[in-house]
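> prediction below, plus the sequence it came from.
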Amino acid sequence: MERKQFELGDIVQMKKQHPCGTNEMEIIRMGMDIRIKCVGCKHSVLIPRAKFEKNMKKVLRSAAERQQKEGEEGPSAAE
Ligand SMILES: [Zn+2]
């Protein structure tokens, strides 16, 4: 079985969508349980890691990727 890779700050896509209509979640806490925040309505839920791994489809945007992008779009680029 393939082990899913994810880290704090990642935006992930879930298999089941949230009642608000979005299925994108941000990982805001990692531990025995994972706390994720809905990108659409900002509602956060704490779920066991095993359940999270089962319900997660894929990482849409990794935290490292987003930081890199923010660096490129620094003050020097905005003229
Ligand atoms: Zn939501």
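Received it, and whenever you're ready, just let me know what you need. What you are looking at is a predicted structure, and each value in this text was computed from that prediction instead of being measured.
> so in the protein, which helix runs the longest?
Determined from DSSP state H, the single longest helix within the chain is helix 63-72.
> ok, and what's touching that helix?
Residues from elsewhere that reach helix 63-72, judged by CB atoms under 8 Å, 6 or more residues apart in numbering: 7-11. Heads up, the C-betas are built off the backbone N, CA and C, glycines and all.
> buried only: go through these for me.
Neighbour counting with 16 or more other CB atoms under 10 Å marks 9-11 as buried within these.
> can I get those residues in a markdown table including secondary structure?
Formatted as a markdown table, the buried ones among the contacts of helix 63-72 follow (DSSP: H, G, I helix; E, B strand; the rest coil):
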| residue | secondary structure |
| --- | --- |
| 9 | coil |
| 10 | coil |
| 11 | strand |
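> tally of neighbours for residue 31?
Close neighbours of residue 31, defined as other CB atoms under 10 Å, add up to 8.
> hey, where'd the strands end up in the chain?
11-14, 24-29, 33-38, 44-48, 56-61 (DSSP state E).
> nearest to the ion, of the ones you listed?
With CB to the ion as the criterion, the ion lies closest to strand 33-38 of those, at 3.2 Å.
> who's in contact with residue 46?
Taking CB under 8 Å, 6+ apart, one finds 29, 33-35 in contact with residue 46.
> what about these, which one has the most neighbours?
Highest neighbour count within those, by other CB under 10 Å: residue 34, with 23 neighbours.
> how about that one: what's its closest non-neighbour residue?
residue 52 (4.4 Å; CB to CB, 6 or more residues apart in numbering).
> do the same with residue 41
Counting by CB to CB, 6+ apart, the nearest residue to residue 41 once its immediate chain neighbours are dropped is residue 20, at 4.1 Å.
> now for that neighbour: which residues touch it?
Contacts of residue 20 were listed using CB under 8 Å, 6+ apart, and they are 38, 40-41, 43.
> let's see it at 10 Å
Contacts for residue 20 (CB atoms under 10 Å, 6 or more residues apart in numbering) come out as 38-43.
> near the ion, which residues of this structure are found?
For the chain, the residues found near the ion under the criterion CB under 5 Å from the ion are 18, 20, 38, 40-41.
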